[in-house]
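Chemist: Quick one, structure for this:
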Amino acid sequence: MIGLNSGRHRIARRRPRRMALMAVATTGLFAAFGTPGALAQEYPSRAVTIVSPFPPTSTPDVLSRWIAPKLQERLGQPFVVENRTGAGGIIGFNSVVKSAPNGYTIMMAAAGAMAVNVTLHKNLPYDPVADFVPLALMARGYHTLVVTPSLPVKSVQDLIKLAKEKPGTLSYASLGIGTPGHLFAEMLKKAAGIEITHVPYTTGPMNDVVAGHVPMMFPDFAPAGQLIRSGKLRALAVTSQRRLPAAPEVPTMIESGFPEFSVSGWLMVVAPSQIPRAVAEKLHREISTIINTEQLKGQIGSVGMVPAGDTPENASIEAMQAFVKSEIAGWGKLVREAGLAGSQ
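Modeler: Next up is the predicted model:
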């Protein structure tokens, strides 16, 4: 089992005694968990819940619903997506931490709740490294600075000019305190020297931006792309290093004068850390295979994301664990630079 610590035991010098102890321990382990091969072969024997800690139409929710039917096809049992939203993903994370570590509750985790929250919160009620084991890195994604079409701005510099002309009158929406959408807007405030008011939501705020109730936000490109193409939102810039193939007309934040905004989010399927290794390995193989199909790669690319199924970070559970640790450090630097470290 992943995360299971093995202690040192005093063993008698006589070989027969040692062999007897080993036989008892082995028998007990097989009785509790079965052999690794049998365990993987038997799993799953009933429905599996994929927790989406963010609302319907959010990127974690969309990708969860893309892979759920594929997992069901491959493994022969239902994979059901369940939204457990609130507190920037913390509610969903807490529910999964407390679930049985048997592979029947897994979660689509985003960089915000998995990496940003570590530095943002003084007392985070979960440890992304100790409490979760990565099963598959799904995709890298980018955020987009969008405004309601009625706002008289066509570029990031136009927005900054308006904010300076009318200080304190503009506001921005986000999916909650500490989410990347909140973090990016605070970074923009600091870098541009402007004053805009945060309006956190517990459910998707994009409709309010479309309607003009809140003039701007930094959503994931995936759920915003269709609204941008239909003219219901105006995209000013993306946070990727280069322009996205799905929206080549939208400049990057780097092109707009903000080189520190070369940042990517990501989505990763995780499970409670004590999940049996054999089950974790099986899910890693199956999800990685699904990500690498032409259909899913096309779906992921169509919404401005980059599939991660065949990247070095997704090569093994250990590689993903190292990736998470490095991302916690990287995002922590951004949180501190935005002046938000320990603010929650």
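Chemist: okay, stretch 171-179 in PDB with CA atoms only?
Modeler: What follows is stretch 171-179 as a C-alpha-only set of coordinates in PDB (Å, rounded to 0.1, in the frame of the first residue of the first chain):
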ATOM      1  CA  SER A 171     -14.300  44.400  -9.900                       C
ATOM      2  CA  TYR A 172     -13.300  40.900 -10.900                       C
ATOM      3  CA  ALA A 173     -14.900  37.500 -10.200                       C
ATOM      4  CA  SER A 174     -13.200  34.300  -9.300                       C
ATOM      5  CA  LEU A 175     -14.100  30.700  -8.200                       C
ATOM      6  CA  GLY A 176     -13.000  31.600  -4.700                       C
ATOM      7  CA  ILE A 177     -10.200  32.900  -2.600                       C
ATOM      8  CA  GLY A 178      -6.900  31.300  -3.500                       C
ATOM      9  CA  THR A 179      -7.900  29.900  -6.800                       C
END
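Chemist: What lies in contact with that stretch?
Modeler: 54-55, 58, 86-89, 112-113, 116-117, 120-121, 181-182, 185, 196-202, 204-206, 208-209, 214-218, 340, 344 (Cβ atoms under 8 Å, 6 or more residues apart in numbering). From N, CA and C alone the C-beta is placed, and that goes for glycine too.
Chemist: now with 6 Å?
Modeler: 88, 112, 116-117, 120, 181-182, 185, 196-197, 199-201, 205, 209, 214, 216-217, 344 (Cβ atoms under 6 Å, 6 or more residues apart in numbering).
Chemist: Just the buried ones out of these, please.
Modeler: Among those, those scoring as buried are 88, 112, 116-117, 120, 181-182, 185, 196, 199-201, 205, 209, 214, 216-217, 344 (criterion: 16 or more other Cβ atoms under 10 Å).
Chemist: Sitting in strands, which of those do you find?
Modeler: Judged by DSSP state E, the buried ones among the contacts of stretch 171-179 include 199, 200, 216, 217 as members of strands.
Chemist: Which two of these have the greatest separation?
Modeler: Distance extremes for those: the farthest pair is 200 and 216 at 13.9 Å, using Cβ to Cβ.
Chemist: Might you list the low-confidence residue ranges for the stretch 1-150 of the chain?
Modeler: Within the stretch 1-150 of the chain, the segments meeting pLDDT under 70 span 1-40.
Chemist: show me where it has strands.
Modeler: 48-52, 79-83, 105-110, 132-141, 144-147 (DSSP state E, counting those that start in this stretch).
Chemist: looking at those strands, which is closest to residue 277?
Modeler: Among these, strand 132-141 sits nearest to residue 277 (Cβ to Cβ), with 8.9 Å.
Chemist: So in that sheet, which strands flank the closest one, and in what orientation?
Modeler: Its sheet considered, strand 132-141 pairs with strand 265-272 (antiparallel), strand 306-307 (antiparallel) by DSSP bridges.
Chemist: average pLDDT across the shortest one?
Modeler: It stands for strand 306-307. Averaged across strand 306-307, pLDDT comes to 89.
Chemist: How far away from the center of its chain is it?
Modeler: Chain-centre distance of strand 306-307: 13 Å, with Cα atoms, centre = their mean, to the nearest Å.
Chemist: Pull out the buried residues from stretch 59-69.
Modeler: Applying 16+ other Cβ under 10 Å to stretch 59-69 flags 59, 60, 61, 62, 63, 64, 65, 66, 67, 68 as buried.
Chemist: How about residue 228: what's its closest non-neighbour residue?
Modeler: Leaving aside its chain neighbours, residue 228 sits nearest to residue 235 (4.7 Å; criterion: Cβ to Cβ, 6 or more residues apart in numbering).
Chemist: cool, and residue 95?
Modeler: Excluding its sequence neighbours, the residue lying closest to residue 95 (Cβ to Cβ, 6+ apart) is residue 84, at 5.2 Å.
Chemist: How many residues are close by the one you found?
Modeler: Residues contacting residue 84 under the criterion other Cβ atoms under 10 Å number 17.
Chemist: and what of residue 172?
Modeler: There are 26 residues near residue 172, going by other Cβ under 10 Å.
Chemist: now it: how far from residue 214?
Modeler: 7 Å (Cβ to Cβ, to the nearest Å).
Chemist: and what of residue 168?
Modeler: Note on residue 168: its distance to residue 214, by Cβ to Cβ, is 15 Å.
Chemist: And residue 178, by the same measure?
Modeler: Using Cβ to Cβ, we find residue 178 at a distance of 18 Å from residue 214.
Chemist: now swap in residue 165 and tell me
Modeler: Note on residue 165: its distance to residue 214, by Cβ to Cβ, is 19 Å.
Chemist: and if you look at residue 299?
Modeler: Taken as Cβ to Cβ, the span from residue 299 to residue 214 is 29 Å.
Chemist: Next up, phi/psi of the closest residue to residue 192 other than its chain neighbours, please.
Modeler: Leaving out its chain neighbours, the residue that sits closest to residue 192 by Cβ to Cβ, 6+ apart is residue 160, at 4.7 Å. Phi and psi for residue 160, reported as degrees, to the nearest 10, are phi -60, psi -40.
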